[in-house]
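Q: sequence and computational prediction follow.
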Amino acid sequence: MVHISHFKRYVFYHSGPILASLTPLYSRYLRGPTVHSIANRTPNNYYRVVKLVYTGSNMDKKGPEVSVVVPLLNEQDNISPLYEQITQTLTDGHNYEIIFVDDGSTDDSFNILSRFQKTDDKVRVIRFRKNFGQTAALAAGFAHARGNIIVAIDADLQNDPADIPKMIDKLHEGFDVVSGWRKTRHDNAITRLIPSKIANWLIAKITRVKLHDFGCTLKIYRREVLAETKLYGEMHRFIPALASWNGASICEMVVNHRPRTAGTAKYGLGRTLKVVLDLITVKFLGSFSTKPIYIFGGLGLISGLASVVFGFAVLYQKFISSTHLSMNRNPFLVLTAMLFTATIQFILMGLLAELLVRTYHESQNRPTYVIKEILESHPGPTDQTGDRK
């Protein structure tokens, strides 16, 4: 008898009710989202197509221990050696999977990945319809990862897969995130090294997370650290800061950094502005996401105080000063009015932000805290379903 998991793809043509009964049956044998696409074949909605895509061997009920996420864009010359190095590094000591995320490559990258997937059931491939950026690629890989330990690594061969086992061992010492530090870098000084040093110093100062290299993609995370982390923009480099604000323990480890031997770099000075803007967003989310009135109210109080000072200056120059400057000719009067208006606007913005924050958390039943563990004694016996009697 041939097991369904031995096949790469099944396509079913049947009526809606029968299909609905079949989908849960086959869902048991396939990991991940089993219903890849549903399309109406006729106006009366009688025929439908369900495509079930095989995503790996299902004979291993335990699942992989380590998920290696590799975002890539036009790296056809680097994929094969990277794949070989990862498999050689992890085959003996770890149960793993490799998730390649093709971020809209226009070269032969996807065809190469497809061949790997056909011959190695540890390989999974996610292909974007277009280029969405490295952060989106990492987010997709994290969302589809099945391991309790998640490794992120670049596809340009500058990160060394040989560092992964040592970083996993470091993680087992009790840390939640192990971040790579490219202490000796092989990059262009003007376009990469100097901007990177400035950005790392600025990020460390603002987020108060003491890392030397936020931009190193080679990082290892516990699964639960990424579970509540949503990534937007260029925020993948801020994951350690976001995790730290949620109470995660973070350490840094020196890793090998190799020169790029094939392909072209995808990043330059153009990303600096994006990083700065994302840093402002991260700082706001980390410090004021549950209390926005503190920042808007604080700005309102400052502008209100300045408005009072300039208002008294106008009155002093009009009635006490020897010049008796006319109020309608005094620019401080205009400044007083502007600052008073800004005070009202800041306070109203803070109140509106408080309403939005409460709506966001309460509508999704999201707590404003993160629990690491709970120690308690059961107050009473439970029945066979697990409910307390």
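A: Nice, I can see it.
Q: could I get the full set of strands for the stretch 51-200 of the chain?
A: Under the criterion DSSP state E, counting those that start in this stretch, strands of the stretch 51-200 of the chain are mapped to 66-72, 96-102, 123-127, 149-152, 177-181.
Q: can you lay out these as JSON lines showing distance to residue 320, mean neighbour count and mean pLDDT?
A: In this view, the C-beta of every residue, glycine as well, is placed from N, C-alpha and C. JSON lines is the format used below for these (distance: least, C-beta to C-beta, whole Å; neighbours: other C-beta atoms under 10 Å; pLDDT from 0 to 100):
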{"stretch": "strand 66-72", "distance to residue 320": "67", "mean neighbour count": "26", "mean pLDDT": "96"}
{"stretch": "strand 96-102", "distance to residue 320": "70", "mean neighbour count": "25", "mean pLDDT": "96"}
{"stretch": "strand 123-127", "distance to residue 320": "73", "mean neighbour count": "20", "mean pLDDT": "96"}
{"stretch": "strand 149-152", "distance to residue 320": "66", "mean neighbour count": "25", "mean pLDDT": "96"}
{"stretch": "strand 177-181", "distance to residue 320": "61", "mean neighbour count": "24", "mean pLDDT": "94"}
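Q: could I get those as TSV with distance to residue 365?
A: Shown next, in TSV, are the strands of the stretch 51-200 of the chain (distance: least, C-beta to C-beta, whole Å):
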stretch	distance to residue 365
strand 66-72	28
strand 96-102	30
strand 123-127	29
strand 149-152	25
strand 177-181	26
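Q: compare these and give me the one nearest residue 318.
A: Ranking the strands of the stretch 51-200 of the chain by proximity to residue 318 (C-beta to C-beta) places strand 177-181 first, at 60.6 Å.
Q: now do residue 275, the pLDDT please.
A: Residue 275 is assigned 79 on the pLDDT scale.
Q: following the helix or strand harbouring it, which helix or strand comes up?
A: Here residue 275 sits within helix 272-288, counting by DSSP states H and E. Remark: after helix 272-288, the chain's next helix or strand is helix 293-315, criterion DSSP H and E.
Q: state the distance from residue 339 to residue 351.
A: In this view, residue 339 and residue 351 are 19 Å apart by C-beta to C-beta, to the nearest Å.
Q: what distance separates the helix holding residue 275 from the middle of the whole chain?
A: Its chain's C-alpha centre and that of helix 272-288 lie 14 Å apart, by C-alpha atoms, centre = their mean, to the nearest Å.
Q: just stretch 154-161 next, same as before
A: On C-alpha atoms, centre = their mean, the centre of stretch 154-161 falls 19 Å from that of its chain.
Q: got the contact list for that stretch?
A: Contacting residues not belonging to stretch 154-161 are listed as 70-72, 75, 78-79, 81-82, 85-86, 89-90, 100, 153, 180, 186, 216-218, 255-263, 265 [C-beta atoms under 8 Å, 6 or more residues apart in numbering].
Q: ok, 6 Å please
A: 70, 72, 75, 78, 82, 85-86, 89, 153, 217-218, 256-258, 260 (C-beta atoms under 6 Å, 6 or more residues apart in numbering).
Q: how far does stretch 223-236 stretch from one end to the other?
A: 15 Å (C-alpha to C-alpha, to the nearest Å).
Q: for that stretch, what is the average pLDDT?
A: On average, stretch 223-236 scores 83.
Q: identify each buried residue in that stretch, please.
A: 225-226, 229, 231, 234-236 (16 or more other C-beta atoms under 10 Å).
Q: redo the residues you listed as TSV? Include secondary structure.
A: Putting the buried residues of stretch 223-236 into TSV (DSSP: H, G, I helix; E, B strand; the rest coil) gives the following:
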residue	secondary structure
225	helix
226	helix
229	coil
231	coil
234	coil
235	helix
236	helix
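Q: tell me which of these is nearest to residue 198?
A: For the buried residues of stretch 223-236, the nearest to residue 198 is residue 234 (15.5 Å; C-beta to C-beta).
Q: wait, what's in contact with that closest one?
A: By C-beta under 6 Å, 6+ apart, the contact set of residue 234 is 135, 274-275, 278.
Q: can you say which two of those residues are spatially most distant?
A: Top of the distance list for these (C-beta to C-beta): 135 and 275, 11.2 Å.
Q: phi, psi of the residue nearest to residue 223 when sequence neighbours are not counted?
A: In this structure, residue 223 finds its nearest non-sequential neighbour in residue 148, 4.9 Å apart by C-beta to C-beta, 6 or more residues apart in numbering. Here is the backbone geometry of residue 148 (degrees, to the nearest 10): phi -80, psi -20.
Q: was I right about residue 148 contacting residue 221?
A: No. Using C-beta atoms under 6 Å, residue 148 makes no contact with residue 221, being 9.9 Å away.
Q: those two: who's more crowded?
A: Shown here are residue 148 and residue 221; by other C-beta atoms under 10 Å, residue 221 has more neighbours (29 against 14).
Q: secondary structure element for the more buried one?
A: strand 219-222.
Q: what packs against that strand?
A: strand 149-152, strand 177-181 (3 or more C-beta pairs under 6 Å, 6 or more residues apart in numbering; DSSP states H and E).
Q: turn the ones you listed into a markdown table, columns for distance to residue 325.
A: Converted to a markdown table, those look like this (distance: least, C-beta to C-beta, whole Å):
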| stretch | distance to residue 325 |
| --- | --- |
| strand 149-152 | 64 |
| strand 177-181 | 60 |
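Q: give the ChimeraX command for selecting the buried subset of the contacts of residue 234.
A: The buried subset of the contacts of residue 234, as determined by 16+ other C-beta under 10 Å, is captured in ChimeraX by this line:
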select :135,275,278
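Q: domain ranges for this protein, per the record?
A: According to automatic domain parsing, the chain comprises the domains 4-53, 66-286, 293-363.
Q: for residue 264, which non-adjacent residue is closest in space?
A: With C-beta to C-beta, 6+ apart, the residue lying closest to residue 264 is residue 74, at 7.9 Å.
Q: check residue 114 too.
A: Per C-beta to C-beta, 6+ apart, closest to residue 114 is residue 125, 6.7 Å.
Q: residues in contact with the residue positioned nearest the centre of the chain?
A: Most central in the chain under C-alpha atoms, centre = their mean is residue 231, positioned 3.2 Å from the mean C-alpha point. Residue 231 makes contact with 135, 139, according to C-beta under 6 Å, 6+ apart.
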